[in-house]
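Q: Just a sequence and a predicted model for now, questions to come.
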Amino acid sequence: QVQLVESGGGLVQAGDSLRLSCAASGGTFNNAGMAWFRQVPGKEREFAASISWTGGNTYYADSAKGRFTISRDNAKNTVSLQMNSLKPEDTAAYYCAATVPGGWPGRTGDFYNYWGQGTQVTVSS
């Protein structure tokens, strides 16, 4: 059974950094596109960043560019999101997502077949 488990969320102050991690198991992820999305209650899920299976291509939401960095370690089946210069508007539940093998790391949720349970990030002003 495919499982994605996020960790690393927490409560921080504006300007601080956090590193989210996602551990994948139960499937083949070293050739899957992976991504991070975020969602605030009452709002639609929002794309944050994605990465191709090689790690050679990364994509970011405009709100994340220059502050967030997505990376992956295929040997460990993990994907990470380094978030710097956090702002209160980054407060959300962050979800890890994976495509099927060979899938494209698109900017919308329908590219992804597997989702984690989410980790909460709260940024205070």
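A: In hand now; what should we look at?

Q: now stretch 23-36: mean pLDDT?
A: Mean per-residue pLDDT for stretch 23-36: 89.

Q: Same check on stretch 68-80?
A: 95.

Q: Same question for stretch 92-104.
A: The average pLDDT for stretch 92-104 rounds to 95.

Q: Excluding sequence neighbours, find me the nearest residue to the residue of the chain positioned farthest from its centre.
A: Distance from the centre of the chain peaks at S125, with 22.8 Å (Cα atoms, centre = their mean). Spatial nearest neighbour of S125, excluding adjacent residues (Cβ to Cβ, 6 or more residues apart in numbering): P88 at 4.7 Å. In short, each C-beta sits where N, CA and C put it, glycine included.

Q: and that neighbour, what is it in contact with?
A: 14, 123-125 (Cβ atoms under 8 Å, 6 or more residues apart in numbering).

Q: Need the max-distance pair from these.
A: Checked with Cβ to Cβ, these reach their widest spread between V123 and S125, with 7.6 Å between them.

Q: And N57, how far from G103?
A: Distance, N57 to G103, by Cβ to Cβ, to the nearest Å: 13 Å.

Q: Which one's more surrounded, those two?
A: A count of neighbours by other Cβ atoms under 10 Å puts G103 above the other of N57 and G103, at 18 against 12.

Q: Going by neighbour count, list what's buried in the strand ranked longest in the chain.
A: Assignment by DSSP state E gives strand 92-101 as the longest strand of the chain. Neighbour counts over strand 92-101 (16 or more other Cβ atoms under 10 Å) mark 92-99 as buried.

Q: Tell me which stretches of this structure form strands.
A: 3-7, 10-13, 18-25, 32-39, 46-51, 58-60, 68-73, 78-83, 92-101, 114-115, 119-124.

Q: Adding distance to R107, write those strands out as JSON lines.
A: Formatted as JSON lines, the strands of the chain follow (distance: least, Cβ to Cβ, whole Å):
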{"stretch": "strand 3-7", "distance to R107": "18"}
{"stretch": "strand 10-13", "distance to R107": "26"}
{"stretch": "strand 18-25", "distance to R107": "18"}
{"stretch": "strand 32-39", "distance to R107": "8"}
{"stretch": "strand 46-51", "distance to R107": "5"}
{"stretch": "strand 58-60", "distance to R107": "7"}
{"stretch": "strand 68-73", "distance to R107": "13"}
{"stretch": "strand 78-83", "distance to R107": "15"}
{"stretch": "strand 92-101", "distance to R107": "11"}
{"stretch": "strand 114-115", "distance to R107": "15"}
{"stretch": "strand 119-124", "distance to R107": "20"}
